[in-house]
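S.K.: I'd like to go over a predicted model; first the sequence, then the structure.
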Amino acid sequence: MDFTLTDDQRMIQETASSFVKKDSPVERMRALRDDPTGWDRNVWKQMGELGWLGLAMPEAAGGFGGTMIDVSLLLEQFGTTLVPEPYVPLIILGGMAVRHAGSDAQVRELLGPMIEGDTSLALAWAERQSRYDAFDVATTAEKRGDAYVLRGEKVWALNGHAADHLIVSARTGGGRRDRDGVSLFVVPKEAKGLGVQSVRTMDGGRAARVTLDGVEATLLGDEGASADVLELVLDKAAAASCAEGLGVVAGVLRMAVEYLKTRKQFGVPIGVFQALQHRAVDMFVQVELMKGTSILANARVEDPDADARKRAVSAAKAQLTSGGFFVVAQGTQLHGGVGVTDEHDISLYFKRLRTLAALYGDEQHHVDRFMSLPSFTAGVS
């Protein structure tokens with residue numbers, strides 16, 4: 001595999017690195033935690049002008065037709081300063097659901113304004129009982145004439161509180177846990193019968209509890225054919241979270257090494273103590289492991305071989321949890337008591353990493369999925 005970046009990819013990486021350092025330091029994320037939206041629409045518009053919102057979107061909708069590797073380079077930089085704009089919920093979850101399930105007209109209508117930075121989307125798929133099973137859908141959709149009427153509840157819809165349109169999964173057929181019969185629908189924020197309650201997330205972000213009481217909605221794509229799309233979109237979000245998480249742990253490692261160089265005990269920097277040097281090296285090793293699995297996941301997530309995609313994504317997500325937690329825990333410990341206070345930035349990195357680890361399938365979920373794949377179970381009686 002060739003890991004050499006193209007000129008365009010280097011430009012994405014360098015521009016994003018400059019942006020996070022100059023325009024989006026950690027202080028901006030800290031200040032936006034108490035904002036009702038939790039992110040800045042002006043900055044979102046700026047991202048649209050930079051072309052970042054259309055990196056992996058089709059050219060027909062105004063995008064650049066790039067890959068998830070392109071997106072991962074951007075998200076890695078976002079992770080280094082905890083950029084609060086919900087790129088993954090809007091672009092990867094909401095946007096990719098429209099891209100893969102919608103008609104040509106729906107793709108142009110919904111993705112065009114989002115790519116420009118004028119609107120935002122959210123995917124409401126999780127329910128109280130569903131855990132990480134996207135096919136455990138109790139929300140129902142009843143067809144009435146040319147429209148559908150939705151009834152049910154969704155939880156932890158990332159950016160659901162601020163979205164102009166919700167992409168909602170609902171059942172049009174089959175049993176509650178059947179893959180068949182899961183459909184996606186477009187619900188505008190002003191729809192009658194739609195209830196949206198903003199809730200805080202552990203990392204200082206926002207999500208929504210969504211209630212649907214006889215809400216009229218528009219079918220996205222074909223009825224009962226959204227199971228594969230949901231699975232693909234959630235895998236793309238998991239791969240994207242690994243890229244962002246890589247940036248998070250890289251930021252923690254950088255802070256920890258800097259602290260070892262400047263914090264003094266017994267008249268010398270604590271970094272001269274070999275035991276602490278060893279801990280920093282162990283952190284570096286885990287960061288490198290996360291880098292490798294993240295690259296593979298984002299390269300394979302668009303592979304037409306679903307098993308190859310799942311293997312790569314699940315391996316990366318498991319490494320994000322185990323290796324990522326090791327890095328942020330060690331980084332916190334190396335900072336001593338101040339590391340567990342809200343006043344120190346490292347605590348924000350800790351919370352963000354733990355949130356990313358839980359989203360789109362935790363470690364146990366992905367280990368179980370990896371073990372269920374044919375390449376792992378072959379020859380096992």
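M.R.: Good, I have the coordinates. Residues are numbered from 1 along each chain as shown.
S.K.: so after the longest strand anywhere in the chain, what's the next helix or strand?
M.R.: If you go by DSSP state E, the chain has its longest strand at strand 206-220. Per DSSP states H and E, strand 206-220 leads on to helix 227-262 as the next helix or strand towards the C-terminus.
S.K.: Which strands border whichever helix or strand comes after that following helix, and is each parallel or antiparallel?
M.R.: Once helix 227-262 ends, the next helix or strand along the chain (criterion: DSSP H and E) is strand 264-265. Applying DSSP bridges to the sheet, strand 264-265 is found paired with strand 268-269 (antiparallel).
S.K.: angle of whichever strand or helix holds T355 against helix 227-262?
M.R.: In this structure, T355 sits in helix 345-358 according to DSSP H and E. In terms of direction (axes from the mean of the first three to the mean of the last three CA atoms, to 10 degrees), helix 345-358 departs from helix 227-262 by 160 degrees.
S.K.: How far away from the center of its chain is the very next helix or strand once past helix 345-358?
M.R.: Counting by DSSP H and E, the next helix or strand C-terminal to helix 345-358 is helix 363-372. Here the centre of helix 363-372 is set off from its chain's centre by 19 Å, with CA atoms, centre = their mean, to the nearest Å.
S.K.: could you give me the average pLDDT of helix 363-372?
M.R.: Mean per-residue pLDDT for helix 363-372: 96.
S.K.: what's it packed up against?
M.R.: helix 306-334 (3 or more CB pairs under 8 Å, 6 or more residues apart in numbering; DSSP states H and E). The C-beta positions use only the backbone N, C-alpha and C, and glycine is treated the same way.
S.K.: what angle do the helix it packs on and helix 363-372 make?
M.R.: 150 degrees.
S.K.: Identify each buried residue in helix 306-334, please.
M.R.: Within helix 306-334, the residues scored as buried using 16 or more other CB atoms under 10 Å are 309-321, 323-332, 334.
S.K.: Same question for stretch 196-210.
M.R.: Within stretch 196-210, the residues scored as buried using 16+ other CB under 10 Å are 196, 201, 203-210.
S.K.: swap in stretch 252-259?
M.R.: The neighbour-count check on stretch 252-259 (16+ other CB under 10 Å) flags 252-253, 255-257, 259 as buried.
S.K.: Go ahead and measure how far it is from the middle of the chain.
M.R.: 25 Å.
S.K.: tell me the SS of the closest residue to A227 other than its chain neighbours?
M.R.: Ranked by CB to CB, 6 or more residues apart in numbering and with sequence neighbours excluded, the top spatial neighbour of A227 is R179, at 4.0 Å. Look at R179: counting by DSSP: H, G, I helix; E, B strand; the rest coil, its state is coil.
S.K.: How many neighbouring residues does R179 have?
M.R.: Neighbours of R179 under the rule other CB atoms under 10 Å: 14.
S.K.: Hmm, it is touching V229, no?
M.R.: No: between R179 and V229 there is no contact under CB atoms under 8 Å: 11.2 Å.
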